[in-house]
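Trainee: Here is my input; please provide its structure:
(one chain, ligands or ions: 1)
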Amino acid sequence: MNDIKRNLEKILSEIPEGIELVAAAKSRTAEEILQAIEAGVKIIGENYVQESLKKIEKIGHKVRWHFIGHLQTNKVKYVIPVYDMIETVDSFKLAKEIDKHAKKNNKIMPVLIEINSGKEPQKFGIIPEDAENLIKEISTLSNIKVMGLMTMGPFTGDPEKARPYFIVTQKLFDKISDRNIPNVEMKYLSMGMSNSYKIAIEEGANMVRIGTKIFGERKYI
Ligand SMILES: *Cc1c(COP(=O)(O)O)cnc(C)c1O
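Mentor: Numbering: from 1, shown residues only. Coordinates of the predicted model:
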């Protein structure tokens, strides 16, 4: 058994039922991704448009593809036809562009709203206080569907330090769910990476994004 398969066997056996694993595959080859798929991965997460399109073409749609990087509006047109979800919507401008291209593709694009839970000025994502209004605005668009929230949280060496940011995002998720906004289905809470996914699951994540712990150390971020 190779490393990828061995790593996945362990991770998949540890993750509770009902929690979706997104294999974060930036910098990994199509061959590595195919090994992960053979070992049972159902969703691949990618950060970079150009890099990922080549891999999607090779691998196809036996898995679901989630866009988890920062998406520039001028690249939306390449993402819509091939991706199954965009996890990083953080502005109405981006949402409108997604809606426009989804219409052209006869598609309703599922998205998550990226929350800047640490309120870090240099980070992408919308701050928690502004999320509900953004979601209400997006809910008026016909070809994009909000299906939950995603957060990264500040990077620190200590995963325990991420817990407060997961809690903030989980509370926001519940609050927005309670609003029952039409055309919004609060189903997914995507939080936690290799070093923090166990804590994220304790705090309510039902989708985790794991790269290093599956594929090993990366050559670039
Ligand atoms: C790279 C990446 C991950 C996975 O990070 P690891 O620490 O390698 O598990 C998760 N989410 C996003 C948005 C990423 O860019």
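Trainee: who touches the biggest helix by length in the chain?
Mentor: As assigned by DSSP state H, the longest helix anywhere in the chain is helix 163-178. Around helix 163-178, the neighbours that count as contacts under CB atoms under 8 Å, 6 or more residues apart in numbering are 115, 117-118, 128, 131-132, 135, 148-149, 151, 153-154, 184, 186, 189, 191-192, 196, 199-200, 202-205. (Glycine included, C-beta is placed from N, CA and C.)
Trainee: give me that answer again for 6 Å
Mentor: Outside of helix 163-178, the residues within contact range by CB atoms under 6 Å, 6 or more residues apart in numbering are 115, 117-118, 128, 131-132, 149, 151, 153, 186, 189, 191, 199-200, 203-204.
Trainee: Please point out which parts of that helix sit buried.
Mentor: R163, Y165, F166, V168, T169, Q170, L172, F173, I176, S177 (16 or more other CB atoms under 10 Å).
Trainee: Using CSV, write out the CA atom coordinates for it.
Mentor: Provided in CSV are the C-alpha atoms of helix 163-178 (Å, rounded to 0.1, in the frame of the first residue of the first chain):
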residue,chain,number,x,y,z
ARG,A,163,-11.1,26.7,18.0
PRO,A,164,-12.6,30.2,18.8
TYR,A,165,-12.8,31.0,15.1
PHE,A,166,-14.6,27.7,14.3
ILE,A,167,-17.1,28.5,17.2
VAL,A,168,-17.8,32.0,15.7
THR,A,169,-18.4,30.5,12.3
GLN,A,170,-20.6,27.7,13.7
LYS,A,171,-22.8,30.2,15.6
LEU,A,172,-23.1,32.3,12.5
PHE,A,173,-24.1,29.2,10.6
ASP,A,174,-26.9,28.4,13.1
LYS,A,175,-28.1,32.0,13.1
ILE,A,176,-28.4,32.2,9.3
SER,A,177,-30.0,28.7,9.2
ASP,A,178,-32.7,30.0,11.6
